[in-house]
Structures are given as C-alpha cells and as structure tokens.
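Undergrad: sequence-free structure coming up:
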C-alpha cells in the first residue's frame, strides 16, 4: 500500500474509534452495558492490525476496539456486542464490548478473551506452543500466509497487568521455549486510578530485560508511522526467527477507564491535558496535512466515518436481542463418546493396577493421535511422574510431545486454552491436588468459560490429570480432596475412577470429549497401597474400550426392599464394600465414577426403591458435593424416603494431619459407616396426631 493511502486508511480507523467512543458516551440510556474504548491507543493498535495475516492468532484485551477495526471487523459488528445483541458475532450477547472471539478464515483467529487483566498471556503462549509443535511435525493443521509466511501470535496487554504473576509465567515459558509470539504492551501509565509510580518499580521494557531470550523494543505508540515501522520489524522478526519479542508502546489515555469509572473522577486537569497533547489522531492529521492532503479531504473522510458509525448504531439498536431459551446453549460442545463400547474384560489379559492402566491408555491415545502432547512437572523420562504415571512416555514419543514444565500450575492449566484453539490436544498433569490452586484463576476465568462465552467457537479440549486423596501419612499438602471446589465451576467435567478398568475407559472418553475434563485419580488406589483396595486391580480393557462420562456403576446390588443405598466414589467405594459385609443383602453401592455429568437416573431409581440413602466421601462433609447431592436427592425422591439422607465424610479441618493417628480420626472409617447404615435400617417414622 502506498504511504499516503496507508496513512489515510489509518486515519479513517481512528475516526471510527473517536466517533464510536463519543457516541457511546452520549447514548448512555441505550448503552447500558460496561465498555472501554481505545482512545489514545489507536495508532499502535491500528499499526498492528493492518499487518496481521489470517493465519495469525491475536489475544486482544478490553481496550482494543481499534485493533479489531483494523483487522477488518466493522463498527456494526462491534456495536452489536456493545448492545449485547443476538447477532453479536463474538458471544451472541453473553459478554462485554471488545471481548472478541473469532474463527473467520479471512481474519486472524481470536480465541475467547476474558476481562482478567494479563490472564490472556498464558492462553496466547499456549497458541504459540502449538504453532511451534505443528511446525516441528510439519502438521497440515498449521496454517500459513498467502506467500507461505509462518504464523505468529500477538498478545496485547496493558502495562499495569505486567505486575501479574501469571504474566511472568508466560514470559518465562516463552523465553525458555523460544515461542513465536509478540507481547504488545500498551503503556498509558494508569491502572484504573493507580499511577505507574504507585504500582511498579520498572516499565515493561525494563522488566522484560530479566528474561533471557526475550527480545524487546520501545515504540512511541501515539505516532502511527513509528508504530507501523516498529510493529513491522517485530512481526517480521518473529515470523522469520521464531523467537518471542516484547514491544513496549507508550500511549496516552484519552478515554475513561471504562464507562463506569470516569477519568474526571481520579485524574487532574494537568494530567488530562498532558495526555491530550499526544492524541494519535491529531498527530496523524497534522502529518497528512504536511504531506499535502487537503483539509477538505480529511473532513470528508471524518464525515464518512461518523455517518457509518451513526448508521451502524441505529441498525444495531433495531437488531434482535438473544432469545432467553438460548441461555443454556454451548455450555459444552457435544461429544461423540456417549456409548460404552470395546472389550472391558478381554480373556487374554491379566489384572493391572490403576496407574498401569492409565499409562497404557495415554500411550494408546498418543500413538493414535499425533496432535496429542503431554506435559507437567516431572513427567519427563528422568522421573516419569511422581507415581510413575508417565513412565516411558518421553522415551516413546520424544521431548517435543512429552516434556517437563517449570513449577507453573497457572501455565499448565491456561496454556491448554491456546493449544486447543489451534488444534493441539493436550493432556496435562498437576502434581498434587493441593497445588491446583495457583492454576484456579486460569481454570475458572479462561478454561471453563471459553466455550460458553465464545458461543461454541472455542471449547477447550483438554484432559487434566490430578492425583488426590490420602496415601497414609501424606499430610496436609499432599492429600487434598478438591472435588467439592471443582464442582462449583461450571463448564468443566469431573471424573473420579476407582479401578483400573474404569480409569482406562474414562480416559479414552475424556480425550474424545471436546470439553475440559478433570480426572481425579486417587493416589492411594494407584497401586492399592491402602488395605482393602485390592479390587482396584482389574483386567485391563482393550485399546478400543470407552466408558462414557456420566454413567455410574452399581458395584453391589440387592433385591431386599429393606436396604440402604450407598452413593460414593473413589476410596469410598472400598470403605462401603467393607462395611456392607456386616449387613448381608441389606446394602447396595453406587460408584458414581463421574461427578459431573452425574448419573441422576440411576441414583434416583435406586433411592426410590430402597428409600434409604447414605452418601459417602473422603472430603470434608460440610458445604460439600455430597451435601449438595443430598439436597437434589431429597427434592426428587422425598415421597419415597423412609429415613433422612445421611452424609458421611471427613471432619472439617483445613488440612489432613500428617500423623497417622490424627489422620485416621479425621477420615471416615468402617465404624462410622456401619453406624450410619444401622441407623438408617432401624429408623422409623413416628407420626403423632393431636
């Protein structure tokens, strides 16, 4: 594009931004939802968007509407999201303005973007990791540009978000692995009402200097020509060298932090005036005049932009709102693994432990799916996982597909979002359940919401393995039971196998499932080190065995109407079986196997038949999953109940004590379970009539 034409095009995009921002502020009664504009940031954003290719990936943030415009999205499309309309192309009315997601073939791809500042760096780095892997295996899934250009990732963020720990995880990993990503930091010197002097000891450029292998550059982000030339260098560097770079662009803030936090409230007149002097649109207009562009031509362009914005707004106002009936659409993407199939008990195989069966399942998955990779802490060939659950994998598949990560639970969880978006199918590990918490932000903010808020465009296809539970003396930081916490998060599935056959079948189904699945694996059952759990060893199913999620198992059955239905999972299955031996033909046991989705039909059917129900868990019982389940059973089965629903779990302590005697006093035991069964069997309703 000729220089003058390029500048005129950029100027028109800036006019869109100005008129859209002004219009939004005027139409407060109609624009009822929160928004932020790119006013002041336009030059660097437009300079970036104009140079991206359809093969690229972008992670914008909530102030990037100029970036969106320069990538080819129209004011009308952006306003549809502003007004939360049905035809909002990004989320169908589910999320805020400038929170895009797009898979259009003619534009850069944009996975789901959240509001949590800085969090996008990890999913964006996951996309770059996927690009690097697909390059190495020469996968057809790696899309290239029209002149065979290699794709890049651009991750946009504000300077204040650089203080986030998860940003450091992303910078560390991308520098370590030399991933093809541009971190574009737009520094307007404010973090809502907090100044840069208050919040950070250095700017993004200086901070990036601490990451060896991360290149960096400074740009005046208010100057379009400098921004365009700088971003051209940065993008070309990453396309050719396949290395990361951080671009620090200083920009003015000419708009409010957002529509609810007005700049006049926390910024003085002197500060507002200093920022106004660097208005990118004013600078570019003056540059065009100096180049000989007539003032009349610029005014005509400004009027054209204004008219398009006004027309787009009027059209968007008249657009349909979402149908409330659609509110549950795309919580999950549909799965094909809904029927149990394959040979569960082949005659030519011997019994194996849970950990062996799971390892074989992963091997079979990776052999059949070259797009599958496996990573986490200590999963490499030196250790092969803390429990041998990844032993042999790196030797068999190489360190491009199986590799150790730093101690970065947030990166392990959040990177799956980007990997899934580009077509990689990751299986990852968190070393112990107690160490999931640093990854919870990514799990809740990015992983769980991606499918729903992108209106089904970006489900996160990943399997997350997490060892849980007691292992006799494991102590407070290696024995966590986290299912109650996980089950409050909508948009993820949770499975909890109790034996070798189930873990293999569930793992195969979880991998097929296009949604995020967390597999809780009881480390005490891995090799049946806890007395009474030898039944966790089973015949290993064939490679094609699939056990659908959401199908419970009736472990012990009775036809005796005077009985108790025990509903449990994991180690609880073996506690229940031991206690049942004391009550011949009076106990039936359901092993849930999947905690979400839940097999309610089997649960309700059996509870209605027996009328007595005991829920058993290793987790602390108060405010737990089993207490919530008790309420659901009570609602659906109330008229059939012969006794109150019992819940038995661990005592309500913050962590499991390391002393074995104290540990035993916290956990359920056979005596407590037997007393519960006996109370239910002997309970009788006595009605007094006055």
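TA: That came through fine. Please read all numbers here as calculations on a predicted model, not as lab measurements.
Undergrad: Give the burial count for the residue lying closest to residue 683 once chain neighbours are set aside, as a bare number.
TA: Leaving aside its chain neighbours, residue 683 sits nearest to residue 643 (3.8 Å; criterion: CB to CB, 6 or more residues apart in numbering). In this view, the C-beta of every residue, glycine as well, is placed from N, C-alpha and C. Around residue 643 there are 18 other residues, counting by other CB atoms under 10 Å.
Undergrad: tell me the secondary structure for residue 643?
TA: coil (DSSP: H, G, I helix; E, B strand; the rest coil).
Undergrad: mind listing what it touches?
TA: Residue 643 is in contact with 611, 612, 679, 680, 683, 685, counting by CB atoms under 8 Å, 6 or more residues apart in numbering.
Undergrad: List buried members of these by neighbour count.
TA: Neighbour-count burial (16 or more other CB atoms under 10 Å) applied to the contacts of residue 643 gives 611, 612, 680.
Undergrad: mind putting those residues in CSV, secondary structure included?
TA: Formatted as CSV, those follow (three-state DSSP):
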residue, secondary structure
611, coil
612, coil
680, helix
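Undergrad: ranges for the strands of the stretch 51-200 of the chain?
TA: 57-59, 153-158, 181-187, 190-191, 194-195 (DSSP state E, counting those that start in this stretch).
Undergrad: Same check on the stretch 451-600 of the chain?
TA: 462-468, 493-495, 516-522, 538-539, 553-556, 564-568, 587-591, 594-596.
Undergrad: Show residues contacting the first one.
TA: With CB under 8 Å, 6+ apart as the test, strand 462-468 has contacts from 358, 376, 386-387, 389, 413, 416, 419-420, 425-433, 436, 447, 480-483, 507, 510-511, 516-523, 526, 570.
Undergrad: buried residues in it?
TA: 462, 463, 464, 465, 466, 467, 468.
Undergrad: Which residue, other than its chain neighbours, is closest to the fifth one?
TA: Same thing as residue 466. residue 430 (4.7 Å).
Undergrad: do the same with the last one
TA: Leaving aside its chain neighbours, residue 468 sits nearest to residue 433 (4.3 Å; criterion: CB to CB, 6+ apart).
Undergrad: repeat for residue 28
TA: residue 259 (7.9 Å).
Undergrad: Tell me where the model's unsure across this structure.
TA: Scanning the chain with the threshold set as pLDDT under 70 gives 1, 685-690.
Undergrad: What segments of the stretch 201-350 of the chain are helices?
TA: Along the stretch 201-350 of the chain, counting by DSSP state H, counting those that start in this stretch, helices occupy 204-208, 224-241, 263-266, 269-276, 280-290, 295-318.
Undergrad: If you compare the directions of the last one and helix 280-290, what angle comes out?
TA: It refers to helix 295-318. 150 degrees (axes from the mean of the first three to the mean of the last three CA atoms, to 10 degrees).
Undergrad: And helix 295-318, what's buried?
TA: Buried-residue list, helix 295-318, by 16+ other CB under 10 Å: 298, 301, 302, 305, 306, 308, 309, 312, 313, 316.
Undergrad: Then the fourth one?
TA: Residues of helix 269-276 classed as buried under the neighbour-count rule (16+ other CB under 10 Å) are residue 275.
Undergrad: And the first one, by the same measure?
TA: Taking 16+ other CB under 10 Å as the neighbour-count basis, helix 204-208 is seen to contain the buried residues 204, 205, 207, 208.
Undergrad: what two of those residues have the greatest distance between them?
TA: Spanning the widest gap among the buried residues of helix 204-208 are 205 and 207, at 7.2 Å by CB to CB.
Undergrad: Closest to the centroid, which residue in the chain?
TA: Per CA atoms, centre = their mean, the C-alpha nearest to the average position across the chain is that of residue 447, at 1.2 Å.
Undergrad: Please tell me how far it sits from residue 57.
TA: Distance from residue 447 to residue 57, counting by CB to CB, to the nearest Å: 17 Å.
Undergrad: And for residue 107?
TA: 11 Å.
Undergrad: Looking at the two, which one has more neighbours?
TA: residue 57 (27 against 18).
Undergrad: hey, what's the more buried one bridged with?
TA: residue 109, residue 153 (DSSP bridges).
Undergrad: ok, now which ones touch it?
TA: Neighbouring residues of residue 57 by CB under 8 Å, 6+ apart: 108-111, 124, 127, 131, 151-154, 418, 421-422.
Undergrad: Identify the residues contacting residue 577.
TA: By CB under 8 Å, 6+ apart, the neighbours of residue 577 are 532, 535, 555, 556, 589.
Undergrad: Kindly recompute the last result at 7 Å.
TA: Residue 577 sits next to 555, 556, 589 when contact means CB atoms under 7 Å, 6 or more residues apart in numbering.
Undergrad: what about it, distance to residue 505?
TA: For residue 577, the distance to residue 505 - CB to CB - is 20 Å.
Undergrad: Could you tell me the phi and psi values at residue 50?
TA: phi -70, psi -20 (degrees, to the nearest 10).
Undergrad: wait, it sits on residue 72?
TA: No: counting by CB atoms under 7 Å, residue 50 sits too far from residue 72 to count as a contact (9.6 Å).
Undergrad: When those two are compared, which one has more neighbours?
TA: residue 50 (20 against 16).
Undergrad: Report the separation between the more buried one and residue 565.
TA: 65 Å.
Undergrad: likewise residue 365?
TA: Distance of residue 365 to residue 565, given as CB to CB: 35 Å.
Undergrad: before we move on, what about residue 538?
TA: 23 Å.
Undergrad: Compare the helices of the stretch 201-350 of the chain and give me the one nearest residue 370.
TA: helix 224-241 (24.7 Å).
Undergrad: Output the contacting helices and strands for that closest one.
TA: For helix 224-241, the elements it packs on are helix 42-49, strand 181-187, strand 215-220, strand 245-250, judged by 3 or more CB pairs under 7 Å, 6 or more residues apart in numbering; DSSP states H and E.
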